[in-house]
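[1] okay, sequence plus prediction incoming.
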Amino acid sequence: MKLQTEKGEIHISSDVFLSVTGAAATNCYGVKGMAFRSKTDGLVHLLRRESMAKGVHLTYNDDETVSIELHIIVEHGVNLVAVSRSIMSEVRYIVSKTTGIEVREVNVFIDSMMAH
């Protein structure tokens, strides 16, 4: 991702962008972690902190905004709508504040639930 400022260009690698996004999502109440569906067995797996970027998909839009898709695992018994809204708000805020890039949309996919 490239940002043009009055003082020059700033380049943000996809890895950094994905890490910021994954960290913002997993810090929300009720989120156990990022999810990844295995192509070999079709099961949903909880990703470790170092690989949580696999649960984030980014689309760079023509208008220099970004659309974010998050695949998460939540704690059993939480209000799914409330948790999703919280994630959408937090990710939009943290990503914009940290990177300076406008977030067009945040889509949350709850792939699984886990016991506390």
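    Yep, it's here. Everything quoted here is computed from the prediction, not taken from an experiment.

[2] and the longest helix along the chain, how far out from the chain middle?
    Longest helix in the chain by number of residues, with DSSP state H as the criterion: helix 80-99. For helix 80-99, the separation from the chain centroid amounts to 8 Å (computed by Cα atoms, centre = their mean, to the nearest Å).

[3] got a list of contacts for whichever helix or strand comes after that helix?
    Later in the chain than helix 80-99, the nearest helix or strand by DSSP states H and E is strand 103-114. Contacts to strand 103-114, defined as Cβ atoms under 8 Å, 6 or more residues apart in numbering, come from residues 32, 35, 37, 44, 46, 61, 63, 65-76, 80, 83-84, 87-88, 91-92, 95-96. For every residue, glycine as well, the C-beta is placed using N, CA and C.

[4] got the CA positions of strand 103-114 in CSV?
    The C-alpha trace of strand 103-114 is given here as CSV (Å, rounded to 0.1, in the frame of the first residue of the first chain):
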residue,chain,number,x,y,z
VAL,A,103,-11.4,1.8,5.3
ARG,A,104,-14.4,1.4,2.9
GLU,A,105,-15.9,-1.6,4.6
VAL,A,106,-15.2,-4.3,7.2
ASN,A,107,-17.0,-7.7,6.6
VAL,A,108,-16.9,-10.2,9.5
PHE,A,109,-17.3,-13.9,9.0
ILE,A,110,-17.8,-16.0,12.1
ASP,A,111,-16.4,-19.4,11.1
SER,A,112,-16.7,-21.1,14.5
MET,A,113,-17.5,-20.9,18.2
MET,A,114,-15.4,-22.2,21.1
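
[5] picking that back up, can you list the buried residues in the longest helix of the chain?
    Buried residues in helix 80-99, defined by neighbour count with 16 or more other Cβ atoms under 10 Å: 83-84, 86-88, 90-92, 94-95, 99.
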